[in-house]
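**Student:** pasted the sequence and its predicted model underneath.
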Amino acid sequence: MSMLDISVVIPVYNGRATVPALWERLRAVLDICAGSYEVVFVDDASPDGSWSVLEELAAIDPRCKAIRMMRNQGQHNALLCGIRAATYPVIVTMDDDLQHPPEEIPRLLEEFAKGHAVVYGACAQEQHGLLRNLASRLTKRVLQQAMGVAAAQSVSAFRVFRTELRDAFADCRNPLPNIDVMLSWGTTRFGAVQVRHEPRREGVSGYNLRKLLIHAVNMITGYTVLPLQLASLVGFVLTLAGVGLLAFVLGRYLIQGTTMQGFPFLASIICIFSGAQLFALGIIGEYFARMYLRLMDKPVYTEAQRLNFPEPPKQ
């Protein structure tokens, strides 16, 4: 297999303790398996001094490039920033916490060489707690609906893909981007290979159960119309139930000459219909909220500083 020119993109948040070791391990691997390479660290406004570490590394080796965000934007926003800044034809993305071993990159590249456009490093056994793992599985189920491909069950932040795929979302200004869904806009040729997933060495993950559930809701309302279809289905079913109930009441009156008695029954029916209406309105409201955010034209991310990137041409 011929060696590829590779850009490694890594979002950094509170990675002061792990970034130096990650950089050294990446160099050792990429010196062997890549032709030319660069490592683009995107500091997502870390409060722990990660930027000072990146400044030191960038001063030593020009292949270490760094971007500092003006404010914390989120993992996928930082990833999008780094992906757009990458210069080589193949991009590898990974986390900064050393749970994705750099030594597994050749395995991803070997699978990538078989003709895939995107290859994920799937974890045989994730190193998280029970609730976190369950939430992760739920998120992947939602992601499968949004992507429309079976490979969504193998999605991870450890991935390799062709840089040209970013053309499919070059004009994306969604303030809640999802890299995996946007990659599916450019290709359906996904692959996966199992890799090691090591325990986190420093700190705690920024993704807890609550954030994963919010992430799932953002994905399903931001990239699919499934909730709207569900609301329509609930409304249709309850309408049929209402028609059936009306037919029953009228039939009983015509046959037996009596009507249905009981305030509790009437109250429960009203609650069901009112709840269905509020449920549908809530879903529609979520979509209106996302339309509002896009109409505001809020930037997906804002950069504060770049290191080891060429100066943009003067206008």
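**Tutor:** In hand now; what should we look at? Residues are numbered from 1 along each chain as shown.
**Student:** need the pLDDT of Phe41.
**Tutor:** Looking at Phe41, its pLDDT reads 98.
**Student:** in the protein, which helix is the longest?
**Tutor:** helix 263-295 (DSSP state H).
**Student:** tell me the helix or strand right after that one.
**Tutor:** Once helix 263-295 ends, the next helix or strand along the chain (criterion: DSSP states H and E) is strand 303-307.
**Student:** so what strands line up beside that next one?
**Tutor:** strand 64-69 (antiparallel) (DSSP bridges).
**Student:** average pLDDT across the strand it pairs with?
**Tutor:** 97.
**Student:** starting at the chain centroid, how far to the longest helix of the chain?
**Tutor:** In terms of C-alpha atoms, centre = their mean, to the nearest Å, the centre of helix 263-295 is found 27 Å from the chain centre.
**Student:** what's that helix packed up against?
**Tutor:** Judged by 3 or more C-beta pairs under 8 Å, 6 or more residues apart in numbering; DSSP states H and E, helix 263-295 is in contact with helix 209-223, helix 226-256. Where C-beta positions appear, they are placed from N, C-alpha and C, glycine not excepted.
**Student:** adding mean neighbour count, mean pLDDT and distance to Pro101, write the ones you listed out as TSV.
**Tutor:** TSV is the format used below for those (neighbours: other C-beta atoms under 10 Å; pLDDT from 0 to 100; distance: least, C-beta to C-beta, whole Å):
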stretch	mean neighbour count	mean pLDDT	distance to Pro101
helix 209-223	17	69	23
helix 226-256	12	76	35
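**Student:** need these in a markdown table (columns: distance to Val193).
**Tutor:** Formatted as a markdown table, the helices and strands packed on helix 263-295 follow (distance: least, C-beta to C-beta, whole Å):
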| stretch | distance to Val193 |
| --- | --- |
| helix 209-223 | 24 |
| helix 226-256 | 29 |
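**Student:** quick one: which of these is nearest Phe309?
**Tutor:** Between Phe309 and the helices and strands packed on helix 263-295, the shortest separation by C-beta to C-beta is 29.6 Å, and it involves helix 209-223.
**Student:** run through the bridge partners of Pro38.
**Tutor:** Actually, residue 38 is Glu rather than Pro. In beta-bridge terms (that is, DSSP bridges), Glu38 pairs with Ser7.
**Student:** residues contacting it?
**Tutor:** 6-8, 63-65, 86-88 (C-beta atoms under 8 Å, 6 or more residues apart in numbering).
**Student:** buried ones among those?
**Tutor:** 6-8, 63-65, 86, 88 (16 or more other C-beta atoms under 10 Å).
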